[in-house]
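In: Just a sequence and a predicted model for now, questions to come.
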Amino acid sequence: MRNSSEVDTSRPHAARLYDYYLGGKDWFPVDKEAAEQVKKIFPEAEKGARANRDFMHRAVRHVAREYGVRQFIDIGTGIPTAPNLHQVAQEVAPECAVVYADHDPLVLEYADALMLSTPEGRTAYVQADVRHDSVLDSREVHETLDLDRPVALSLLALLHFVPDEHVPQAIVRSMLDRLAPGSFLLLSHATADFDEDGHLEEVKKIYEEGGTPVQIRDKAEIEVFFDGLELIEPGLTPTHRWRPDGPSTISDAEAFIYAGAARKP
C-alpha cells in the first residue's frame, strides 16, 4: 500500500472502507477499525458491496452488448478493483473509451491501474469532486470521448454521499442534459427500505464521525434521478435482482442498494 502526503490517514474514508469490504488492501488501520465497527452493526456491508460491484459488471456489459455503447464516464470511481469498468467494457468491445473521476487523493495514487487500456480503446482519469467540479468540462473528457455520441454515465454507490444541500438531482440532470440521445445513466444508491432494525442509521453515524456525510434515500427519492429517462427492465431494483446471471444467494436486506439503468431518449 502506497502513502501520500495528501491522504488523510487520521480518519476513515468511504473509498477505503469500500475497498476493505471488497477484500482489497488499500486501506489504513483507521479504515479497518471503522469497517469492523460497521460490520458488527451491519454485517450485510460486505455482501452489499460485492453485489453492487457485480451490478456494475452486468450493467456495463448489457449497455455495451445490447445498445452498442462504446463510451463511459465513471464518477466516484474509488480505489481500483479488477476487473475495473474499462476492462469489463473492453472485453465486450476493445475500442471502448472510459473516463474515470474521483476526488480522493488515494485514488489518484492508483490511477495507473485505470490506464491499462486495450490498444484499440482509451482510458483517462480526472481528479474532480462531483459536488463542485464540472467533470464534463475537463480536458480529459474532451480528449477521450465524443460527447456528440452516446455515453454511459456511471454513478455507482456515489450519490448517498451527496446530501440534499448539494442538490444531487440537479447535478445529475445537468450532466445528462449535455449527453447525446441514446446515452445511459447507470446508478446505484443505498437505501433503508429493507432495514427493519434501523441499523443503517447507526452505520451512517460512523461515516459521519469520520467526516463523510451520508444521506440514505428511499426508492421514490432514488427514482427522481431517472426522471425523463427510459428505465430498462427490470427497472429500479435491489442490485442482485438487476438482470442476474443466475440464482441469487442474498436477500434484499443484504443487498441494501437499489440499482437501475436508463436510456436518454
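Out: Noted; the coordinates are in hand. Residues are numbered from 1 along each chain as shown.
In: roughly how far is stretch 150-166 from the heart of the chain?
Out: Chain-centre distance of stretch 150-166: 7 Å, with CA atoms, centre = their mean, to the nearest Å.
In: go on, stretch 27-44?
Out: Put simply, stretch 27-44 sits 20 Å off its chain's centre (CA atoms, centre = their mean).
In: Give me the contact list for it.
Out: Contacts with stretch 27-44, where a contact means CB atoms under 8 Å, 6 or more residues apart in numbering, come from 1, 9-13, 16-17, 19-21, 45-46, 199-200, 202-203, 206-207, 210, 253-256. Where C-beta positions appear, they are placed from N, C-alpha and C, glycine not excepted.
In: now with 7 Å?
Out: For stretch 27-44, contacts defined as CB atoms under 7 Å, 6 or more residues apart in numbering pick out 9-13, 16-17, 19-21, 45-46, 199-200, 202-203, 206, 210, 253-254, 256.
In: cool, stretch 173-182 as well?
Out: For stretch 173-182, the external contacting residues (CB under 7 Å, 6+ apart) are 136, 147, 148, 149, 150, 151, 153, 185, 263, 264, 265.
In: ok, how many other residues are close to the first one?
Out: Look at residue 136: counted by other CB atoms under 10 Å, it has 22 neighbours.
In: and if you look at the fifth one?
Out: Using other CB under 10 Å, residue 150 is surrounded by 20 other residues.
In: isn't it right next to residue 183, touching?
Out: Yes - applying CB atoms under 7 Å as the test, residue 150 and residue 183 come out as touching, 4.7 Å apart.
In: Could you work out the end-to-end span of stretch 179-197 for me?
Out: Terminal residues of stretch 179-197 are spaced 41 Å apart (CA to CA, to the nearest Å).
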